[in-house]
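Enquirer: sequence below, structure please.
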Amino acid sequence: MKTPAVIMAPRADGVEVVWAVSKLARGHVEWKAEDGSSGTAGADRFGFVPQGDEILRVKLSGLKPGVRYQLRAITDSTDGKDRLEGPWKKFRTLDPTAQETRFVVWNDTHQNDETIKQLHAVTPPGDFLLWNGDTCNDWHQEDWLVPTLLNPGGQDVSDDRPMLLVWGNHDVRGKWAFKVPEMIATPDGRPFYAFRSGPVAVLCLHTGEDKPDNHPSFGGRVAFEALRREQAEWIKQVTAQPGFRDAPYRVVFCHIPLRWTKEVADAGYEKGGYDAFSRFSREAWHDALVGWKTQIVISGHTHSPAWIEANAEFPYAQLVGGGPQANRATWIEGKANAEALSFVMKDLEGKVVHEIALKPI
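Expert: Take a look at the predicted model:
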């Protein structure tokens with residue numbers, strides 16, 4: 001095993017486990033529950049045992065909601081000479097009916113190993129760890145992908161806090177960015193998804209790049225206008241489903257904010273202008289998010305923490321986390337119960353930067 005087994009994409013009935021290997025190998029996962037039940041997972045959608053010469057992925061399904069489990073990844077070389085058993089790691093499946101939930105949020109780590117180490121040290125366990133974009137600066141080198149995504153800062157980040165990734169604009173930059181989906185699992189296999197954790201309904205959206213698709217810096221590699229339109233229709237569909245249309249709390253995660261403290265009418269992209277918020281995404285999604293009664297949008301991107309309250313024009317508030325340097329980095333802990341959904345943003349020294357509490361709808 002070249003990296004720890006990363007527990008990703010938590011669901012009510014399981015998770016997906018991803019790890020890197022140094023040579024052609026097969027993999028499977030063993031699991032055990034608090035009640036003494038146990039089992040293995042080791043088959044892909046095509047009838048093969050998961051195998052590869054770089055990445056192994058195992059989807060674990062059929063588990064019970066809200067139950068604490070342990071799992072470990074087993075790697076066998078295809079020549080039968082080597083077998084590696086990874087350490088047991090803890091997680092809990094999501095429970096849409098739970099009375100409470102607790103989760104944590106990172107953003108904009110940009111391959112800053114020292115910041116990641118400190119974030120890992122101060123971040124408590126949770127039902128999930130939401131990595132809210134810009135894991136990297138760009139993907140100009142293929143060999144950056146594995147350590148950045150599966151062993152960030154040399155840390156085993158997903159033990160007792162299964163990981164979810166929201167794509168940032170830097171995560172789609174560079175000639176090797178197309179390989180990120182090979183190493184990142186999401187609940188639905190797309191870069192946008194929805195889930196319910198206790199009383200909180202969550203939408204995770206992909207804001208794409210911070211410039212138009214035809215900007216010369218992208219070299220014709222991106223097509224986010226179509227993806228934003230697809231998400232606009234998807235938001236309407238998913239929020240009409242039970243569990244989302246009646247959720248007490250309604251949260252959106254997206255890397256680039258949908259609002260900012262100072263907005264300009266024309267960013268002037270052709271002249272190197274910069275938007276601190278995703279004008280394109282807001283135009284595509286605003287009506288659907290208002291229709292869902294979104295309470296808060298949580299983002300990164302600006303490297304400057306901010307709290308923008310809801311108002312008549314924008315009924316959803318905006319919370320933005322800090323940046324990659326240790327003196328700018330922040331992390332967020334979210335907790336929800338019948339009384340309130342609270343967010344506490346702290347810096348790496350433990351100082352509270354923002355503290356917000358929302359009442360149920």
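Enquirer: what residue is smack in the middle of the protein?
Expert: Nearest residue to the geometric centre of the chain (Cα atoms, centre = their mean): Leu165, 2.3 Å.
Enquirer: hey, what's that residue bridged with?
Expert: Beta-bridge pairing for Leu165 (DSSP bridges): Trp131.
Enquirer: so who does it touch?
Expert: Met8, Trp131, Gly133, Thr135, Leu149, Asp171, Ile184, Thr186 (Cβ atoms under 8 Å, 6 or more residues apart in numbering). Using the backbone N, CA and C atoms, a C-beta is placed for each residue, glycine as well.
Enquirer: check Ala41 too.
Expert: Applying Cβ under 8 Å, 6+ apart, the residues contacting Ala41 are His28, Val29, Trp31, Val58, Lys59, Leu60, Ser61.
Enquirer: can you tell me the closest non-neighbouring residue to Lys117?
Expert: Leaving aside its chain neighbours, Lys117 sits nearest to Gly153 (4.8 Å; criterion: Cβ to Cβ, 6 or more residues apart in numbering).
Enquirer: correct me, but the one you found touches Glu114?
Expert: Yes. Here Gly153 reaches Glu114: they are 7.5 Å apart, a contact under Cβ atoms under 8 Å.
Enquirer: neighbour-wise, which of the contacts of Leu165 leads?
Expert: The most crowded member of these is Trp131, carrying 30 neighbours; neighbours defined as other Cβ atoms under 10 Å.
Enquirer: how far away is it from Glu85?
Expert: To Glu85, Trp131 is 27 Å away according to Cβ to Cβ, to the nearest Å.
Enquirer: Trp31 too?
Expert: In terms of Cβ to Cβ, Trp31 sits 13 Å off from Glu85.
Enquirer: more neighbours, those two?
Expert: Using other Cβ under 10 Å as the criterion, Trp31 and Glu85 rank with Trp31 on top: 21 against 11.
Enquirer: and the contacts of whatever helix or strand the more buried one lives in?
Expert: Taking DSSP states H and E as the definition, Trp31 sits inside strand 25-33. If you take Cβ under 8 Å, 6+ apart as the criterion, strand 25-33 is touched by 5, 17, 19, 21, 38-42, 49-53, 56, 58, 60, 63-64, 67-78, 82.
Enquirer: can you rerun that using 6 Å?
Expert: If you take Cβ atoms under 6 Å, 6 or more residues apart in numbering as the criterion, strand 25-33 is touched by 17, 38-42, 49-51, 56, 58, 60, 67, 69-77.
Enquirer: same deal with stretch 333-346?
Expert: 100-104, 198-200, 249, 330, 332, 352-358.
Enquirer: quick one: buried residues of it?
Expert: Within stretch 333-346, the residues scored as buried using 16 or more other Cβ atoms under 10 Å are Glu333, Gly334, Lys335, Ala336, Asn337, Leu341, Phe343, Met345, Lys346.
Enquirer: do stretch 198-214 as well
Expert: 198-211, 213.
Enquirer: same check, this time on stretch 76-87
Expert: Buried-residue list, stretch 76-87, by 16+ other Cβ under 10 Å: Asp76, Gly86.
Enquirer: now it: how far from the chain's centre is it?
Expert: 30 Å (Cα atoms, centre = their mean, to the nearest Å).
Enquirer: for that stretch, how far is the first residue from the last?
Expert: The distance separating the two terminal residues of stretch 76-87, taken as Cα to Cα, to the nearest Å, comes to 15 Å.
Enquirer: number of residues surrounding Ala121?
Expert: Ala121, neighbours per other Cβ under 10 Å, totals 9.
Enquirer: for it, which three-state class applies?
Expert: Under DSSP: H, G, I helix; E, B strand; the rest coil, the three-state class of Ala121 is helix.
Enquirer: and it, how close does it get to Val6?
Expert: 18 Å.
Enquirer: and Pro257, by the same measure?
Expert: Relative to Val6, and taking Cβ to Cβ, Pro257 is found at 27 Å.
Enquirer: picking that back up, what about the strand holding Trp31, average pLDDT?
Expert: For strand 25-33, mean pLDDT is 97.
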